[in-house]
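[1] Sharing a model prediction with you, sequence too.
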Amino acid sequence: MPQQTSPSHTAASGLDELIRIAEAQPLSPACDHFYFLRHGQTGRNAQRIFQAPDEPLSELGLQQAARAAGLLAGEPIRTIVCSDARRAFDTANTVAAALRLAPTAHEALRERNFGALIGTSSANIDWACEPEGGETLTQFVVRKRAALDAALRQPAPVLVVAHGGTLYALAALLGVPVDFKLLGNAQPLRFERSGPTWAVTPLLRHADTDGEAALA
């Protein structure tokens, strides 16, 4: 798989291992396209701090979610599946209101559990770390594969609303390189398959340049 372009040299740490784990059991959805949306920004995103599931959207994050809803309102989305973490759930509900759909939330779509690192700086995030009380990278990728596989079996086209770590795992599982510009908060993405090959395209807007914010 092509190497992923990460938002910073520090954030790249451990991503090669994530890709290696994902390549061992790639994801093969039956659908030919779907949508992905990372949640809007939170205060701890901006501060680069590992977040708990109850972290709320900031005022900017609420605005980003509303802009994403406007872009996605014109897409033929039938199903919205989201993480039950507050930042993703609230983002999904903002989009769902514009689409007149009801999102389904799943704990398995949450960001990686960084255990004892929650509340500390994520500026030098190492995806290959083994945090006390948290998930190993293998556990995280295995969980994400199962959750994404289930989500993409729903009536298509599906919109998945989740996290930056989910996007890394999803891209690796599909063999898609991710440019850091795709990692911005509330940047709607369209994944599309041509034969066995997947590609990702952003739905255009004036992107918020927060790709280097904490992904967790």
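    Received, thanks.
[2] Relative to Ile77, how far out is Tyr35?
    Here the criterion is CB to CB, to the nearest Å. By it, Tyr35 lies 6 Å from Ile77. Heads up, the C-betas are built off the backbone N, CA and C, glycines and all.
[3] so what sits against both of the two?
    Pro157, Val158, Leu159 (CB atoms under 8 Å, 6 or more residues apart in numbering).
[4] For the residue lying farthest from the centre of the chain, list the residues it contacts.
    Distance from the C-alpha centroid of the chain peaks at Gly195, with 23.9 Å (CA atoms, centre = their mean). Not one residue lies near Gly195 by CB under 8 Å, 6+ apart.
[5] Distance of it relative to Asp32?
    10 Å.
[6] Write a ChimeraX command that selects only the buried members of the shared contacts of Tyr35 and Ile77.
    The buried residues among these can be selected in ChimeraX (16 or more other CB atoms under 10 Å) with this line:
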select :157,158,159
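[7] Pick the one among the shared contacts of Tyr35 and Ile77 closest to Ala96.
    Set against Ala96, the nearest of those by CB to CB is Leu159 (8.7 Å).
[8] Would you agree that closest one falls within a strand?
    Yes - the assignment for Leu159 by DSSP: H, G, I helix; E, B strand; the rest coil puts it in a strand.
[9] Which strand residues bridge it?
    Tyr35, Ile80 (DSSP bridges).
[10] Wait, it touches Ile77, no?
    Yes - if you go by CB atoms under 8 Å, Leu159 and Ile77 touch, sitting 4.8 Å apart.
[11] Now do the shared contacts for the two.
    Both Leu159 and Ile77 are contacted by Tyr35, under the criterion CB under 8 Å, 6+ apart.
[12] still on that earlier bit, turn the shared contacts of Tyr35 and Ile77 into CSV, including pLDDT and distance to Glu55.
    Below are the shared contacts of Tyr35 and Ile77 laid out as CSV (pLDDT from 0 to 100; distance: CB to CB, whole Å):
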residue, pLDDT, distance to Glu55
Pro157, 98, 28
Val158, 98, 25
Leu159, 98, 21
